[in-house]
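Q: Just need the structure, nothing else, for what follows:
(one chain, ligands or ions: 1)
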Amino acid sequence: MPEPENEKCIRLKIDCPPKKDGGLKEAEDRQREKQDMMNRKYPKQKIIIKGGKIKKEHNIKDKIKCVTYHIYWNSETEGKIEKHIPKQITEGFENKYQYIYHDKEGKEHEICTVDWHKTKEKNIGKKYEAKPTHKKIISDKNVVEGQTRKRVLYENGDIAEYGSNNGKTFWVLYTANSSEIELVKMPDELNYSNSINVKYDFSNTQRRYTSPGSLAGFIGALAENNLKLTTTGSCFVSASCFPSQEHVNGKSIDTLYLDNINEQKFIDAMHKFNFNKQITGKDKKRFNNATPEQRGTLHNSHLHSGFNESSIKEVKK
Ligand SMILES: [Zn+2]
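A: Predicted coordinates for the structure are as follows:
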């Protein structure tokens, strides 16, 4: 006996009875077309876990559950950021954060998914002329990472870094606290373009880690004016940040200046997305929303923006 049309509809999960002329065949074709389109748009992704073993295939759009930062356009002056934590996380995504931007029209943009890790929280760095020897040294290496040329690790978790800035060489010691913080690895560049732009690249730095919230705020600010920025980074993998003393724990991001008109737009956008401490150089004009009392020569080459991590609302699903 042929399968009754209404039962077939239920089995195929299509409108029942089919709404358009052409009956079940047309509805079935439409369903297949839709599925083909979804498969092209969101191809199945192989999840590779430690050791290179292929674990599972997922359809990205439908099945992955990952902690996600939602960044909202919200209003002209207020950007809202929420961290959504699902009850269960898809295997292979435990150490990933996804970033989704919601534009003026309420359209969602999947900007990136990045890895996160924990490291010991560091205190603001202190400058030294000679290598600090206050604790037992467990590693002392030459490195070429942006302006950093030496890195010393101490047994208690402290880090000292050596290099040059503005023609002067010096050491900075970052002492470690017992508490741990999270850092994310920033994508080496973003080139997202789909009615909004989220675009940046790096210049002369390996400080490519930042706090999870700073990355969310930065994405919001980039999307605000569709401006492409060049960043000189945030912090290193263990939360140190030579030549800066301030960038510990990825709480700040540096960017190269744009022209004065666009720079003001970008400063306002960063301010909107909770970068509430922005420092410019004394040779630059006085920008609105930048901290006036700290204008020095250090920031003649770049804007410094410090993020307020407590502005992020956590939502448990
Ligand atoms: Zn800075």
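
Q: Kindly report the residues of the stretch 151-300 of the chain close to the ion.
A: Within the stretch 151-300 of the chain, the positions adjacent to the ion are 252, 254 by Cβ under 5 Å from the ion. The C-beta positions use only the backbone N, C-alpha and C, and glycine is treated the same way.

Q: Tell me what the residue in the stretch 151-300 of the chain positioned nearest to the ion is bridged to.
A: Residue of the stretch 151-300 of the chain nearest the ion, by Cβ to the ion: D254 (4.2 Å). For D254, the beta-bridge partners are G233, H304 (DSSP bridges).

Q: For F275, see how far away it is.
A: 11 Å (Cβ to Cβ, to the nearest Å).

Q: ok, these two, which is more surrounded?
A: Neighbours were counted for D254 and for F275 using other Cβ atoms under 10 Å; F275 has more, 26 against 23.

Q: For F287, see how far away the residue nearest to that one when sequence neighbours are not counted is.
A: Using Cβ to Cβ, 6 or more residues apart in numbering and skipping the chain neighbours, the partner closest in space to F275 is S305 (4.0 Å). For S305, the distance to F287 (Cβ to Cβ) stands at 12 Å.

Q: Who has more neighbours out of these two?
A: Remark: of S305 and F287, S305 carries more neighbours, 28 against 19, as counted by other Cβ under 10 Å.

Q: Wait, that one touches K277, no?
A: Yes: if you go by Cβ atoms under 8 Å, S305 and K277 touch, sitting 7.3 Å apart.

Q: Tell me the residues that contact both of the two, please.
A: The contact sets of S305 and K277 overlap at S252 (Cβ atoms under 8 Å, 6 or more residues apart in numbering).

Q: where along the stretch 51-200 of the chain do the strands fall?
A: 53-59, 67-72, 80-85, 96-102, 108-122, 126-128, 137-145, 148-154, 159-165, 168-174, 176-185, 189-194, 196-202 (DSSP state E, counting those that start in this stretch).

Q: so which of those comes closest to K316?
A: Closest approach to K316 among the strands of the stretch 51-200 of the chain (Cβ to Cβ): strand 80-85, 5.1 Å.

Q: what does the closest one contact?
A: Against strand 80-85 from outside (Cβ under 8 Å, 6+ apart): 67-72, 74, 212-213, 216-217, 220, 273-274, 311-317.

Q: same deal with stretch 92-104?
A: For stretch 92-104, contacts defined as Cβ under 8 Å, 6+ apart pick out 47-49, 55-56, 64-73, 108-117, 184, 195-196, 198, 212, 215-216, 219-220, 223.

Q: Can you flag the buried ones in the residues you listed?
A: Neighbour counting over the contacts of stretch 92-104 (16 or more other Cβ atoms under 10 Å) leaves 47, 64-73, 109, 111-114, 116, 184, 196, 198, 212, 215-216, 219-220, 223 as the buried ones.

Q: how about the spatially most central residue of the chain, phi and psi?
A: The residue lying closest to the centre of the chain (Cα atoms, centre = their mean) is L215, at 3.1 Å. Main-chain torsions, L215, degrees, to the nearest 10: phi -60, psi -40.

Q: Over to the one 3 residues further on?
A: For F218, the backbone dihedrals (degrees, to the nearest 10) come out as phi -60, psi -40.

Q: How many residues are close by it?
A: 28.

Q: Now do the same contact list for it.
A: Neighbours of F218 in contact, by Cβ under 8 Å, 6+ apart: 200, 210, 231, 253, 270, 273.

Q: returning to what we had before: give the contact list for the residue of the stretch 151-300 of the chain closest to the ion.
A: Contact partners of D254, counting by Cβ under 8 Å, 6+ apart, are 231-234, 244, 247, 302-305.

Q: Same question for D115.
A: Per Cβ under 8 Å, 6+ apart, neighbours of D115: 95-96, 184-185.

Q: Can you give me the distance of it to E82?
A: Using Cβ to Cβ, one obtains 21 Å as the distance from D115 to E82.

Q: what about this protein, any weak spots by pLDDT?
A: 1-6, 8-28, 30-31, 34-63, 293-294 (pLDDT under 70).

Q: can you count the residues close to the residue in it that the ion sits nearest to?
A: Nearest to the ion in the chain, going by Cβ to the ion, is H304, at a distance of 3.3 Å. As a burial measure, H304 scores 23 neighbours (other Cβ under 10 Å).
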